[in-house]
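Chemist: one predicted model, sequence on top.
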Amino acid sequence: MSGGSSPFTKMLDNVFPRIPPFLDMISLQAELLAKGMTVAVDYVSEASTAKFHEIMIIETQARELREKHLDVLNNAFSTPIDREDVLRSIVSLAEPVGSIRVVVEEMEALKIKSDNHLLEMAVVLREASAALKRGFSKLDTTPGQAEPDAQVGMQCLSNVDKIYRKALVNLYSIDDDLNRLRAHADGAEVQAMMHVVEMLKRREIYRHLRNIAGKVTECASVLHGIVVQIG
């Protein structure tokens, strides 16, 4: 028999609506997050135009996927896990991708070159996001095995914080500028002013990456809560 579902199947769907594959949908968002952070590390390493545009594309995809999944959730009769957890997963997994777009846009606009601290923070974000990708992909089949991945993600902010503090100590080192100013060296005032401007711009990027680490950690907290619920 051809021509679509039978009347009986349609009746059952009306009485017992099918549950959308929310766990697969969330896993897809986690994959996009991991991809975005991987490209972000490449951008910080290379500062290439191609990587910049790739991040723009990934962020657009993540935003569109979030809106699509929220629409499905709003129209769903039931969910495989707590509806609030589905909502938190959809929203939280998209936020770091949007934030990493802001970072690369500001680096481009402010002409900020990479340094070891930026690269180290980006690598931590990449590894934590990869753990989230692994963890969310396990929820549909082996949710209990996702907890180690959640724990890796929950360490993201702490790990980035350590790098952030070291970066600030290095950034605020002004002894050379002060010595040149005291010695009335040629161009000391201009060099000191340029250093101050560089400090302000670079600290802004450091702060953005630290905030992203907080958002990734929040994603991991959501994953942990789901594992506790269904694992």
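Modeler: All right, it came through fine. Residues are numbered from 1 along each chain as shown.
Chemist: wait, isn't residue 40 in contact with residue 100?
Modeler: Yes. Shown here, residue 40 and residue 100 form a contact pair, counting by Cβ atoms under 8 Å, at 4.9 Å. No exception for glycine: its C-beta is placed from N, CA and C like everyone else's.
Chemist: now do the shared contacts for these two.
Modeler: By the contact definition Cβ atoms under 8 Å, 6 or more residues apart in numbering, residue 40 and residue 100 are jointly contacted by 55, 125.
Chemist: where does the chain dip in pLDDT?
Modeler: 1-17, 175-184, 188, 190, 192-196, 231 (pLDDT under 70).
Chemist: residue closest to the middle of it?
Modeler: residue 96 (2.9 Å; Cα atoms, centre = their mean).
Chemist: would you confirm that that residue contacts residue 35?
Modeler: No. Here residue 96 lies out of contact with residue 35, judged by Cβ under 8 Å, at a distance of 11.8 Å.
Chemist: residues touching residue 112, list them.
Modeler: 106, 201, 202, 205 are the contacts of residue 112 under Cβ under 8 Å, 6+ apart.
Chemist: nearest to residue 132 among these?
Modeler: The nearest member of these to residue 132, counting by Cβ to Cβ, is residue 205 at 22.7 Å.
Chemist: give me the neighbour count for that closest one.
Modeler: 23 (other Cβ atoms under 10 Å).
Chemist: now it: how far from residue 49?
Modeler: Applying Cβ to Cβ, to the nearest Å, the value for residue 205 to residue 49 is 18 Å.
Chemist: also residue 101?
Modeler: To residue 49, residue 101 is 15 Å away according to Cβ to Cβ.
Chemist: more neighbours: which of those two?
Modeler: When neighbours are counted by other Cβ under 10 Å, residue 101 comes out ahead of the other of residue 101 and residue 49, with 21 against 10.
Chemist: could you pull up phi and psi at the closest residue to that one other than its chain neighbours?
Modeler: Closest residue in space to residue 101, ignoring its immediate chain neighbours: residue 59 at 4.0 Å, by Cβ to Cβ, 6 or more residues apart in numbering. Dihedral angles of residue 59 (phi, psi; degrees, to the nearest 10) stand at phi -60, psi -40.
Chemist: what count of nearby residues applies to residue 59?
Modeler: Applying other Cβ under 10 Å, we find 21 residues neighbouring residue 59.
Chemist: touching, it and residue 99? I think so.
Modeler: No. Look at residue 59 against residue 99 with Cβ under 8 Å: they stay out of range, at 9.1 Å.
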